[in-house]
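[1] here is a sequence together with a model predicted from it:
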Amino acid sequence: MESLFRCPLCGAALARTERSCVCPAGHCFDIAREGYVYLLPVNRKHSAAPGDDPGMAAARRDFLSRDYYRPLLDALCALAVDHTGAEPAVLDAGCGEGYYTSGIYRALCAAGKRPRMAGTDISKAVVRLAARREKAVEFAVASSYRLPLADGAADLLLNCFSPLAAEEFRRVLRRDGCFLYVVPSAMHLWELKETLYDEPYPNEERLTPYPGFVYETVVPVEGQIELRSQEEIHALFQMTPYYWKTPRAGAERLAKLDRLSVQTGFRIHVFRAV
């Protein structure tokens, strides 16, 4: 079976067998027990284990599995169905542990489509979880700045809270393909930030033009979540970037809470490739 992925060493098509992905030049990449393949060459790694560590991966899985961000998933599913044809090729770049990847794949199938879908992330820990979650999707450890896909291979590309590699995203999208880019709104997780920081500030909201793309619309998704245990609060904290840059006093304040009401806000920027 031909894979959506390309060889990261020579760019040739990969044939997927039960245990490996192989290109015509003989480059071979083993398929892990969970079902993912490692397509991040050693010379493109910036650390021994880039991306989220196992603890952060588990926190993300546990938090999202409670469907606190279900409104965002539902909005993404509706957009994916509306912006694809009968047999779309879909890429989730920076897929994390696969919550949105799996949800969109199942929504496309439920709409009567026959999607081919792939997810990539630079973290081996999260890709392992994603591959366990959804067996019908191809997953690979890879960098968004050097995606192992052919030019114009994707009809739809999703990027949710992950690094934006606009030039590379445009390369792998076909002309008129759709790009869904999710960013936080101004007051996303404001109550969490109020606890962590003495002087929190809203997230910046702006419409940034990117070469090769035109804006179609921006879809807002707002909500409120009630966290009812320190375990849930810590899981949310650990899956945010604040986990790495919070003053000790703020982290200690958060650790004392066993309940927290938090507003959520997302902006789905819908682009078309030109």
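    Perfect, I can see it now.
[2] surely residue 101 meets residue 137?
    Yes: with contact defined as CB atoms under 8 Å, residue 101 counts as touching residue 137 (5.8 Å). Yep, even glycine has a C-beta here, placed from its N, CA and C like the rest.
[3] which neighbours do those two share?
    Common neighbours of residue 101 and residue 137 (criterion: CB atoms under 8 Å, 6 or more residues apart in numbering): 117, 119, 130.
[4] okay, which residue is most central for the protein?
    Nearest to the mean C-alpha position of the chain, counting by CA atoms, centre = their mean, stands residue 95 at 2.8 Å.
[5] now do the same contact list for that residue.
    So residue 95 contacts 101, 119, 120, 121, 126, 127, 130, 139 (CB under 8 Å, 6+ apart).
[6] reformat these as JSON lines; add distance to residue 256, neighbour count and secondary structure.
    Formatted as JSON lines, the contacts of residue 95 follow (distance: CB to CB, whole Å; neighbours: other CB atoms under 10 Å; DSSP: H, G, I helix; E, B strand; the rest coil):
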{"residue": "101", "distance to residue 256": "35", "neighbour count": "26", "secondary structure": "helix"}
{"residue": "119", "distance to residue 256": "37", "neighbour count": "31", "secondary structure": "strand"}
{"residue": "120", "distance to residue 256": "38", "neighbour count": "27", "secondary structure": "strand"}
{"residue": "121", "distance to residue 256": "33", "neighbour count": "32", "secondary structure": "strand"}
{"residue": "126", "distance to residue 256": "29", "neighbour count": "27", "secondary structure": "helix"}
{"residue": "127", "distance to residue 256": "34", "neighbour count": "31", "secondary structure": "helix"}
{"residue": "130", "distance to residue 256": "33", "neighbour count": "29", "secondary structure": "helix"}
{"residue": "139", "distance to residue 256": "38", "neighbour count": "31", "secondary structure": "strand"}
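[7] of those residues, just say which sits nearest to residue 195.
    The closest of the contacts of residue 95 to residue 195 turns out to be residue 126 (CB to CB; 25.8 Å).
[8] where does pLDDT dip in the protein?
    43-51 (pLDDT under 70).
[9] please enumerate the strands of it.
    2-6, 13-16, 20-22, 28-30, 37-38, 89-93, 116-121, 138-141, 154-160, 173-184, 213-227, 260-273 (DSSP state E).
[10] okay, these in JSON lines with distance to residue 251 next?
    As requested, these are exported to JSON lines (distance: least, CB to CB, whole Å):
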{"stretch": "strand 2-6", "distance to residue 251": "39"}
{"stretch": "strand 13-16", "distance to residue 251": "44"}
{"stretch": "strand 20-22", "distance to residue 251": "42"}
{"stretch": "strand 28-30", "distance to residue 251": "39"}
{"stretch": "strand 37-38", "distance to residue 251": "33"}
{"stretch": "strand 89-93", "distance to residue 251": "31"}
{"stretch": "strand 116-121", "distance to residue 251": "26"}
{"stretch": "strand 138-141", "distance to residue 251": "30"}
{"stretch": "strand 154-160", "distance to residue 251": "25"}
{"stretch": "strand 173-184", "distance to residue 251": "20"}
{"stretch": "strand 213-227", "distance to residue 251": "16"}
{"stretch": "strand 260-273", "distance to residue 251": "14"}
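[11] out of the ones you listed, flag the one nearest residue 105.
    Closest to residue 105 of the strands of the chain is strand 116-121 (CB to CB; 4.9 Å).
[12] strand 154-160 and that closest one, what's the angle between them?
    30 degrees (axes from the mean of the first three to the mean of the last three CA atoms, to 10 degrees).
[13] which one of the strands of the chain lies nearest to residue 197?
    That would be strand 260-273 among the strands of the chain, by CB to CB, at 14.4 Å.
[14] quick revisit: now render the shared contacts of residue 101 and residue 137 as a markdown table, adding distance to residue 247.
    Below are the shared contacts of residue 101 and residue 137 laid out as a markdown table (distance: CB to CB, whole Å):
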| residue | distance to residue 247 |
| --- | --- |
| 117 | 40 |
| 119 | 34 |
| 130 | 32 |
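[15] that older thread, nearest to residue 194, of the strands of the chain?
    strand 260-273 (9.8 Å).
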